[in-house]
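Participant: this one's sequence-less:
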């Protein structure tokens, strides 16, 4: 016949259970924070991409600027 575990083993197992639960809660909180920061970074990246796209659409191409400069420049001849 097997004997039930001694009370000290039961107490130690309960302490271990509490420690593990506390550790998992801490890891879960850290992961939630990382997900939140990742979402913020994704939003910032999307915003920057939109702003860069707007700047690129509104800039003048260099050949056009050269042609306008050449046309507007006074003739030295």
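Facilitator: That came in fine, so what should we check first? This one's a predicted model, so the numbers in the text were calculated from it and none came from an experiment. Numbering: from 1, shown residues only.
Participant: ranges for the strands of this protein?
Facilitator: For the chain, no strands are identified by DSSP state E.
Participant: In it, which helix is the longest?
Facilitator: What stands out as the longest helix in the chain, according to DSSP state H, is helix 7-58.
Participant: helices or strands up against that one?
Facilitator: Helix 7-58 sits against no helix or strand, with contacts defined as 3 or more Cβ pairs under 8 Å, 6 or more residues apart in numbering; DSSP states H and E. Where C-beta positions appear, they are placed from N, C-alpha and C, glycine not excepted.
Participant: Burial check on residue 53, number of neighbours?
Facilitator: A count of neighbours around residue 53, defined by other Cβ atoms under 10 Å, yields 10.
Participant: measure it to residue 43 for me?
Facilitator: Noted for residue 53: a distance of 16 Å to residue 43, by Cβ to Cβ, to the nearest Å.
Participant: again, but for residue 19
Facilitator: In this view, residue 19 and residue 43 are 37 Å apart by Cβ to Cβ.
Participant: and the longest helix of the chain, average pLDDT?
Facilitator: Mean pLDDT, helix 7-58: 95.
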